[in-house]
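A.B. asks: Below are the sequence and a predicted model for it; my questions follow.
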Amino acid sequence: MKLNSLCVCSALVLAVGATACTKSSPTRPTDSASAGTTASVTDATSGITITTPTPASPADGARFKFTDQPITLTINNAAATGGTITYSFQVASDAAFATVVFSKDGVAAGAGTTSVKIDSPKLAGNKDYYWRARAVSGGATGAYSKGRAFNVGPEVVLNAPAPVAPANGGQSSGSPPSFTVNNATRTGPAGTIAYSFSISDSAGFGTIIASNVVNEGPGQTTATIDARLTPNQTYYWRAQAIDQTNGVTGPFSPTWSFKFVPFDMRQAVIHDNPPDVASWPETAKITMVNFTGGAFDVDFDKRDGPDHWPEAPFGDGGIEYTLGLCANLGGTWHCSAVVQFWYGRELEASTPPSYVGRNWFYDGRWGALNGYQPQNGEQIGIWVGAGNLRGQAYTAATCPRICERSNVQMVEWHNDDQALFTFSLPNGRTLGLRRR
């Protein structure tokens, strides 16, 4: 007789003698091999002796993420004195294998090892499982290997985020443009969530022009995407949530279109401020805009700390900075900084968002902005300038103290509801709301 599965008969005899586990049975044995042994069975009818395969992987006690499925089971091949060897695999939810959740018979032997994927059904998450295998050859059925345990982690499901801004069919005027989504809902113990934003020149996203991945913000997440976009051309954007801890990627948000209308403050009409303020050095960055209904709080990286802007003399005190906005009226941008803040003044002093038209631009000093009230969803530029800018005519050449400004940060305007936008600094930090 010849020994199958790359073994010789003498090797089989030695294995059987060494283990002292040989059994003789005319039917299917139910005994499992002991750990570290090569048990064998001799079929009384056919006379075929067959050993037990040894588990190779996964190791006993292995742990898998839910997304690691399908899991592959691998054994070191058995040996038999006759017939062609095939294998049967079992996976159970209990160590006694009373509840088998996956089984596969007739698996052809591989070269030295044999593997099978637990491809259907997908195993439920957050559970322990047990697996084993046995060999079948020429009517002889071997003993099952000792069961090994493994764990499948909990299932995490991420839904698609909901696009917020720029509105579908609207405009984006940021440089670089910014995009906002309502955070994705999720089930299961999700890890840290990030969002991948991308821009394409086609609704089918055949070509990705640019993308950016940012960590999740509270309630909403905003990302800027540095891309070379053609002015007044239509583009498409979408986002998806990613849980890198659990290896889960959610579906894409709906695809929204937008027209890129570039913003350059130097081409804007400046009202009631130093006429060359657009050309001042941009040394600060807006880090947060928070619409609360009762106010819109604006923070920036030079408002506080050791490098904050010093106050410019004003009356009996001083003014650290002036808060302003830019709006696109009929295709022309208009900008003005209106609200004066001394060092430590509460951020809520801006005014309720729905009162900008009456509390900010209340007379002819603001030209086209006179009585102007931004609408919900409108893209508005928020910025600050050092010192007192209101009603000033000095220029950088005649600057009395410090002539610096922040970037103009585009946000979607909210008159009566709440919305928080945070923006990353160049070093990757994101500053939130700071109150004194």
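C.D. replies: Alright, I've got the coordinates.

A.B. asks: what distance separates the start and the end of stretch 225-235?
C.D. replies: One end of stretch 225-235 sits 13 Å from the other (Cα to Cα, to the nearest Å).

A.B. asks: Return the set of buried residues in that stretch.
C.D. replies: Neighbour-count burial for stretch 225-235, counted by 16 or more other Cβ atoms under 10 Å, picks out 225, 227, 229, 235. Quick note: C-beta positions are derived from backbone N, CA and C, even for glycine.

A.B. asks: And for stretch 359-369?
C.D. replies: Within stretch 359-369, the residues that count as buried by 16+ other Cβ under 10 Å are 360-361, 366, 369.

A.B. asks: Kindly reformat the residues you listed as TSV containing pLDDT and secondary structure.
C.D. replies: As requested, the buried residues of stretch 359-369 are exported to TSV (pLDDT from 0 to 100; DSSP: H, G, I helix; E, B strand; the rest coil):
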residue	pLDDT	secondary structure
360	98	coil
361	98	coil
366	97	helix
369	98	helix
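
A.B. asks: quick check, nearest of those to residue 403?
C.D. replies: Taking Cβ to Cβ as the measure, residue 403 sits nearest to residue 366 out of the buried residues of stretch 359-369, at 21.4 Å.

A.B. asks: what's the nearest residue to that closest one if we skip its chain neighbours?
C.D. replies: Counting by Cβ to Cβ, 6 or more residues apart in numbering, residue 271 is the residue found nearest to residue 366 once chain neighbours are left out, at 4.7 Å.

A.B. asks: That neighbour: what's it in contact with?
C.D. replies: Shown in contact with residue 271 (Cβ atoms under 8 Å, 6 or more residues apart in numbering): 334-336, 365-369.

A.B. asks: go with 7 Å
C.D. replies: Residues near residue 271 by Cβ atoms under 7 Å, 6 or more residues apart in numbering: 334, 336, 365-367, 369.

A.B. asks: Just flag the most distant two among the residues you listed.
C.D. replies: Across the contacts of residue 271, the longest distance by Cβ to Cβ is 12.4 Å; it joins 334 and 365.

A.B. asks: Burial check on the residue nearest to residue 98 when sequence neighbours are not counted, number of neighbours?
C.D. replies: Sequence neighbours aside, residue 92 is the residue nearest to residue 98 in space, at 7.0 Å (criterion: Cβ to Cβ, 6+ apart). Counted with other Cβ atoms under 10 Å, the neighbours of residue 92 add up to 18.

A.B. asks: Tell me the first helix or strand C-terminal of whichever helix or strand residue 179 is part of.
C.D. replies: Per DSSP states H and E, residue 179 falls inside strand 178-182. Sequence order places strand 186-187 as the next helix or strand after strand 178-182, per DSSP H and E.

A.B. asks: now for that following strand, which elements pack on it?
C.D. replies: Packing partners of strand 186-187 (3 or more Cβ pairs under 7 Å, 6 or more residues apart in numbering; DSSP states H and E): strand 157-158.

A.B. asks: Can you list the strands that the strand it packs on pairs with?
C.D. replies: The strands beside strand 157-158 in its sheet (DSSP bridges) come out as strand 186-187 (antiparallel).

A.B. asks: what's the strand it pairs with in contact with?
C.D. replies: Outside strand 186-187, the residues that touch it by Cβ under 7 Å, 6+ apart are 156-159.

A.B. asks: go on, stretch 205-215?
C.D. replies: 192, 194-201, 221, 223-227, 236, 424.

A.B. asks: any idea of the mean pLDDT in it?
C.D. replies: Over the span of stretch 205-215, the pLDDT mean works out to 95.

A.B. asks: Repeat that for stretch 159-168.
C.D. replies: The pLDDT scores in stretch 159-168 average 93.

A.B. asks: tell me how far the ends of that stretch are from each other?
C.D. replies: Using Cα to Cα, one end of stretch 159-168 lies 20 Å from the other.

A.B. asks: buried stuff in it?
C.D. replies: 160-161, 163-167.

A.B. asks: Kindly report the same for stretch 69-84.
C.D. replies: Of the residues in stretch 69-84, 69, 71, 73, 75, 77-83 count as buried by neighbour count, 16+ other Cβ under 10 Å.

A.B. asks: would you list every one of the helices in the stretch 251-400 of the chain?
C.D. replies: 356-359 (DSSP state H, counting those that start in this stretch).

A.B. asks: tell me the strands in it, going along the chain?
C.D. replies: 256-260, 269-270, 282-284, 286-291, 296-300, 312-314, 317-319, 321-329, 332-341, 379-386 (DSSP state E, counting those that start in this stretch).

A.B. asks: and what of the stretch 1-150 of the chain?
C.D. replies: Using DSSP E, counting those that start in this stretch, strands in the stretch 1-150 of the chain cover 23-25, 40-43, 49-51, 54-57, 62-64, 72-76, 85-92, 100-108, 113-117, 127-137, 140-141, 148-152.

A.B. asks: Many thanks, have a good one.
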